[in-house]
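Engineer: quick one, fold the following:
(2 chains)
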Protein chains: 2
Amino acid sequence: MDIEKECTLLGTLFQAIVTDLKASSPVWDDFVNKGIKLHNLLKATTMAMSAFMESIQKIADFTTNTKGSTKDIGIALTRICVRQKQMDNKLKSFTNALLDSLVIPIQERLEEWKKVSNQLEKDHAKEYKRAMHDIKKRNTDTVRLQKKVRKGSKPDLHQQLSSAMHDVNDRFTSLEETEKSALRNLLVEERTRICLFANSLSPVLDLEVEMVNEVSNLRELTEDVTRL
Amino acid sequence: MDIEKECTLLGTLFQAIVTDLKASSPVWDDFVNKGIKLHNLLKATTMAMSAFMESIQKIADFTTNTKGSTKDIGIALTRICVRQKQMDNKLKSFTNALLDSLVIPIQERLEEWKKVSNQLEKDHAKEYKRAMHDIKKRNTDTVRLQKKVRKGSKPDLHQQLSSAMHDVNDRFTSLEETEKSALRNLLVEERTRICLFANSLSPVLDLEVEMVNEVSNLRELTEDVTRL
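Structural biologist: Residues are numbered from 1 along each chain as shown, chains lettered A, B, ... in the order given. Okay, here's the model as predicted:
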């Protein structure tokens, strides 16, 4: 019976995907933990970078202000410090976006995702088992009817058999539809999750790219310094 | 006496610059401390960044491998991870260069710089004081001779006075030369220090700029993700 195979395949596929979905939970947890750790370190690094640039600014200041002959280098260093501070601001934005735009939106979903995965699996298993049990029982009845029909063919038994076979087929068709719909919902759930992730990742990557412009400006200043 | 003023000015200028040079010591110390702190945090951040990217790679992996319909997003995410890993390598180079090319070369000089500044100040003060004391003593003798000459003008006293005045002038000229030379050495010392700093800073800034290329490549990949 082809439609039975189809239903079994759909059921197995659903189970495989929902198992994958459930198995992704620790991966998301890991991502959130690593993201929070990275955010904290980036925050500390940004502050250390500011302090470091301030110490270079102090060097630039005395280099500019001493009565000696180092004013030109002092001015070039100050220019680098100013640019670098703008770079620090971009780094701060990136650090904040990493947490606020990427890690937290995912973290807020984790519990819900776990619940939904479990519920989807549970609902499907229950519904599938119930429907299959029902169909198999009716199928057995049909087989019994077929035997009876083969022994002595009462016309009303023929009609009863035809109606029973029709009923089994209808139920398989209905199960197939249910399975397809469940599978569709599951795939939408899966893709929605990963799309949320991809969409949250984008603005963070954008900010990383934005830092580029600041660094590009550094190049000419570096050339100024080496020319001295 | 103009040359006396000149010598005093040169001596005062030397002292002002050597005082600046000595005063820069805590600024350099601060720079080294902040640099080491920044290096340690950057190192920890680089590792946290690698761990974070690995966690995203795991998300990319299950997104690619699940039987669901998210393969396209998984592949785009993997591409981002690969690029980001190259970015991590640049960050590692930057972190190492910060310490090895900038902070350590300065740190290695700090003690020597302190010693040299103190020695320059001490040598100059001693030499200047000795020369000035000597000249002033001879000057007093000259003034005494002038008085004697004014009272009764013996011809040999005239010659003695002329020779004494000449001697004082010669000594001032010699002191002026010594002061100019000391000042020149001091300025060279000062500029050499700041040039070492500027030259050490350049390769670090270069590496910062190099990171740009990696980030630039990220932009198109980000666009890939948002298009999905």
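
Engineer: relative to its centroid, which residue of chain A is most remote?
Structural biologist: A:Gly152 (62.4 Å; CA atoms, centre = their mean).

Engineer: roughly how far does it sit from A:Arg144?
Structural biologist: To A:Arg144, A:Gly152 is 14 Å away according to CB to CB, to the nearest Å. From N, CA and C alone the C-beta is placed, and that goes for glycine too.

Engineer: what's the answer for A:Lys151, then?
Structural biologist: According to CB to CB, A:Lys151 and A:Arg144 sit 11 Å apart.

Engineer: these two: which is more packed in?
Structural biologist: Using other CB atoms under 10 Å in any protein chain shown as the criterion, A:Lys151 and A:Arg144 rank with A:Arg144 on top: 12 against 9.

Engineer: what helix or strand is that one on?
Structural biologist: Under the criterion of DSSP states H and E, A:Arg144 resides in helix A:104-151.

Engineer: residue contacts, the residue nearest the centre of chain A?
Structural biologist: Taking CA atoms, centre = their mean, the centroid of chain A lies closest to A:Ile194, which sits 3.0 Å from it. Shown in contact with A:Ile194 (CB atoms under 8 Å, 6 or more residues apart in numbering or on different chains): B:59, B:63, B:70, B:73-74.

Engineer: so which of these comes closest to B:Asp20?
Structural biologist: B:Ile59 (56.0 Å; CB to CB).

Engineer: run a quick neighbour tally on that closest one.
Structural biologist: B:Ile59: 25 neighbours (other CB under 10 Å).

Engineer: likewise for A:Leu186?
Structural biologist: A:Leu186 has 23 nearby residues by other CB under 10 Å.

Engineer: what's the answer for A:Glu112, then?
Structural biologist: Neighbour number of A:Glu112 under other CB under 10 Å is 9.

Engineer: ok, it to A:Ile106 distance?
Structural biologist: Here the criterion is CB to CB. By it, A:Glu112 lies 11 Å from A:Ile106.

Engineer: with A:Met132 instead?
Structural biologist: For A:Met132, the distance to A:Ile106 - CB to CB - is 36 Å.

Engineer: where does the nearest residue to A:Trp113 once chain neighbours are set aside land on pLDDT?
Structural biologist: Using CB to CB, 6 or more residues apart in numbering or on different chains and skipping residues adjacent in sequence, the residue nearest A:Trp113 is A:Arg193, 6.4 Å away. Note for A:Arg193: predicted pLDDT of 94.

Engineer: how close does A:Arg193 get to B:Val168?
Structural biologist: In terms of CB to CB, A:Arg193 sits 94 Å off from B:Val168.

Engineer: just A:Glu108 next, same as before
Structural biologist: Counting by CB to CB, the gap from A:Glu108 to B:Val168 is 88 Å.

Engineer: A:Leu110 contacts A:Phe31, correct?
Structural biologist: No - assessed by CB atoms under 8 Å, A:Leu110 is found out of contact with A:Phe31, at 9.5 Å.

Engineer: more crowded one of the two?
Structural biologist: For A:Leu110 versus A:Phe31, neighbours defined as other CB under 10 Å are more numerous around A:Phe31 (23 against 14).

Engineer: residues contacting that one?
Structural biologist: Contacts of A:Phe31 (CB under 8 Å, 6+ apart): A:103, A:106, B:52, B:55-56, B:58-59.

Engineer: where's it, which helix or strand?
Structural biologist: Using DSSP H and E, the element containing A:Phe31 is helix A:25-65.

Engineer: tell me the first helix or strand C-terminal of that helix.
Structural biologist: Counting by DSSP H and E, what follows helix A:25-65 is helix A:71-97.

Engineer: check whether that following helix contacts chain B.
Structural biologist: Yes - for helix A:71-97, a contact with chain B is found by CB under 8 Å from any CB of the partner chain, at A:73-74, A:76-77, A:80.

Engineer: repeat for stretch A:100-107
Structural biologist: No - on the criterion CB under 8 Å from any CB, stretch A:100-107 is out of touch with chain B, staying 9.3 Å away.

Engineer: distance from that stretch to the middle of the chain?
Structural biologist: Relative to the centre of its chain, stretch A:100-107 is centred 11 Å away, using CA atoms, centre = their mean, to the nearest Å.
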